[in-house]
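A.B. asks: Next comes the sequence, and after it the predicted model I'd like to discuss.
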Amino acid sequence: MYLYQYILLAGFTCLLFFRGTKFAAITFLTGWTVYLVSTPGLEYKFYFIAAATIETAIAFTLNNKYRLVSWLGYMLIPVNIVGLILHINEVKMYYDVTYALISVTQFLLLTIRAIPNGLNGLGAKHPLVRAVNFDSRGAYVIMYKNPQTKG
């Protein structure tokens, strides 16, 4: 295993503590457990087939709730096919880098999901509203709560 895989393993373990990402973290950790148990000692052809199958199962499981993460998981199928072709031609580094980039992107997308409300609430308030804690909606309610009567 590479260093980034250990970091991702620790990161997905931390994502278990958030309600929004618990299912994805369990799915990834289960898939990686199956990967670590089933792939050692395989020929390179069967290794890439097993890796693509496991990543497909993870992506299919996450398809309903984490659509973008599952699309990245589906991208790993052609990455594994290209990795097999590159391995036959004795070029190994490109597959590892591409796989690492996609895996880290999946983790970062799930980390954003773990933040309360994702990134939606970060820019919701104008900086002046945050600085002085003034919201014009309160003044609007006071102004139009008791409309003046004509007369």
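C.D. replies: Yep, that arrived. Residues are numbered from 1 along each chain as shown.
A.B. asks: where does the protein dip in pLDDT?
C.D. replies: Within the chain, the ranges that satisfy pLDDT under 70 run 116-151.
A.B. asks: could you pull out the helices for it?
C.D. replies: Using DSSP state H, the helices of the chain run over 3-15, 22-38, 44-62, 67-88, 93-114, 127-132, 136-145.
A.B. asks: Columns mean neighbour count on top of the ones you listed, output as a markdown table?
C.D. replies: Any C-beta I mention is one placed from the backbone N, CA and C, and that applies to glycine too. Formatted as a markdown table, those follow (neighbours: other CB atoms under 10 Å):
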| stretch | mean neighbour count |
| --- | --- |
| helix 3-15 | 15 |
| helix 22-38 | 17 |
| helix 44-62 | 18 |
| helix 67-88 | 17 |
| helix 93-114 | 16 |
| helix 127-132 | 10 |
| helix 136-145 | 9 |
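A.B. asks: Gly11 versus Leu72, what's the distance?
C.D. replies: 15 Å (CB to CB, to the nearest Å).
A.B. asks: What of Phe18?
C.D. replies: 11 Å.
A.B. asks: Report the distance from stretch 90-105 to the chain centre.
C.D. replies: Centroid separation between stretch 90-105 and its chain, computed with CA atoms, centre = their mean, to the nearest Å, is 17 Å.
A.B. asks: Identify the residues contacting it?
C.D. replies: 2, 4-5, 8, 72, 75-76, 79-80, 82-83, 86-87 (CB atoms under 8 Å, 6 or more residues apart in numbering).
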